[in-house]
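1. predicted structure and sequence below. I'll ask about it afterward.
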Amino acid sequence: MGREQWKKVLVGSAGNMVEWFDWFVYASFATYFAGSFFPSDNPNAQLMNTAGIFAVGFFMRPVGGWLLGRVGDRKGRKAALTLTVTLMSASAILIAVAPTYAVAGYGGAAVLLIARLLQGLSVGGEYAASATYLTEASSPQKRGFASSFQYVSMTVGQIIGLGLQILLQRTMSDDALHSWGWRIPFIIGALGAAVIFYLRRNMLETDVYEESADADATVGGDDKGTLKALWAHKREAFLVIALTMGGTVAYYTYTTYLTKYLSNSAGLSKETATLVSFCALVVFACLQPLAGALSDRIGRRPLLITFAIGSTFLTVPIMTLLQHAGSFWPALGLSLLALVIVTGYTSINACVKAELFPTGIRALGVALPYAIGNALFGGTAEYVALWFKEAGIESGFYWYVAGCAAVSLIVYLTMRETRDIDLNQVKAAEGAAGDPVKQTV
């Protein structure tokens, strides 16, 4: 890739990193602030309440996907990316200043809920805007490699959050962390979002989008970024939901939920569980570009199929062994195995989805179906896991994750390969009737 393409990828990734730092620190610090908003003698009940609000944020993601996807298709990828980081900054500030139950009763939980709704709106548009931007900004032979930086940046955001958590755990007392220390990452997130806002205001638009707008060859005038235009590509939209199902459940199981699982179910200390997650995610982030580059050589489907087979047949044994890991090294080894499997999905899912749609509907086409899939499966994964645990049948969750992967496996086996789709040909053909995927594969 050329220097200008690298600049686009790095700026888009940096913003994505801050977005997902803010999104994930809610999950990683939930064990510390749960008692501040939901007083109870049952720690699991507190976590279920905070997980419920975490899930509510996911249900706003389809709304954010629709609104910000529309902005991305009509006003440009840059406009959508700038708006998403503005919303995320506002939500981080709200969480940082939210009053506790002792001060405002359940008013603090209401502020927390509003903040998560804003985060849901923001991330609902961020995923599609960044996936579209990174895919369009790269050369045709490097799309898998370039788009893999979406999950690199997402994971780095989480690594920074976990690293900050480790630092606070080692420099603050447990009482201080539970009392006020948990607010620190949200303050940092708000400041980081302000910096990214400045960078995104000065970022370059993708050539694919600019050429499409200049030639007025997209889905046609007022239909750009509309549900009407998306419905013309309903097959691809349903395909995005189906191929997202298994990947998003597995991803959230082994990232956001992993620390809680190791602490609450495997019996590891919070500090050890956090360190396991941190180390595993560092390796996971490094794997993404390698797998993305591999997909540019052998195609997207082989990686997706490998992920789905591994997740279908290995989830139950991995989760069972993790529950009895007992110490740092066994837990880390099993976590790495799980994340290597998940890499087959995370490294390339952004470009696969973007490659399915023409330019004038690409942002919305990725945003809304993906957000729906995440709301139904990714956002509820942690809550479902805790529900099974509360019901005394925790192993049921392992089978749930494996079952979701099995459904996606069927999709991967039957879908078309997208690696060789030429985005410029899609752009030129998208004004005509027909399926752009079929026209270019």
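-> Okay, I see it. Numbering: from 1, shown residues only.
2. ok, now which ones touch L67?
-> Taking CB atoms under 8 Å, 6 or more residues apart in numbering as the definition of contact, the neighbours of L67 are L121, G124, G125. For glycine as for every other residue, the C-beta is placed from the backbone atoms N, C-alpha and C.
3. from L81, how far out is it?
-> Spatial separation of L67 from L81 under the definition CB to CB, to the nearest Å is 14 Å.
4. picking that back up, among the contacts of L67, which has the minimum pLDDT value?
-> On pLDDT alone, G124 ranks lowest of the contacts of L67, at 83.
5. how many neighbours does the residue nearest to that one when sequence neighbours are not counted have?
-> Nearest in space to G124, with sequence neighbours left out and distances taken as CB to CB, 6 or more residues apart in numbering, is G64 at 2.6 Å. Taking other CB atoms under 10 Å as the criterion, the count of residues near G64 is 28.
6. before we move on, what's the pLDDT of the nearest residue to L409 once chain neighbours are set aside?
-> Of all residues beyond its chain neighbours, the one nearest L409 is A308 (3.5 Å), with distances taken as CB to CB, 6+ apart. Model confidence at A308, expressed as pLDDT, equals 98.
7. same question, P436
-> The model's pLDDT for P436 equals 41.
8. quick one: contacts for the residue nearest to G124?
-> T84, L87, G120, L121, S122, V123, G124, G125, A367, A371.
9. need the contact list for the third one.
-> Pointing back at G120 there. Remark: with contacts taken as CB under 8 Å, 6+ apart, G120 is in contact with V56, G57, F58, F59, M60, R61, V63, G64.
10. my guess is R301 meets T414, correct?
-> No. With contact defined as CB atoms under 8 Å, R301 does not reach T414; the gap is 9.9 Å.
11. more neighbours, those two?
-> The residue with more neighbours, out of R301 and T414 and counting by other CB under 10 Å, is R301; that gives 19 against 10.
12. what about the helix or strand hosting D73, average pLDDT?
-> Taking DSSP states H and E as the definition, one finds D73 inside helix 61-74. Mean pLDDT, computed over helix 61-74, is 92.
13. before we move on, the earlier item: distance of the residue nearest to G124 relative to L227?
-> To L227, G64 is 15 Å away according to CB to CB.
14. swap in S36?
-> The span separating S36 from L227 equals 40 Å under the rule CB to CB.
15. next one: V340
-> In terms of CB to CB, V340 sits 38 Å off from L227.
16. please apply the same query to G76.
-> Between G76 and L227 the computed distance is 19 Å (CB to CB).
17. ok, those two, which is more surrounded?
-> Per other CB under 10 Å, whichever of G76 and L227 has more neighbours is G76, with 19 against 13.
18. phi, psi for the more buried one please.
-> Per-residue torsions, G76: phi 120, psi 160 (degrees, to the nearest 10).
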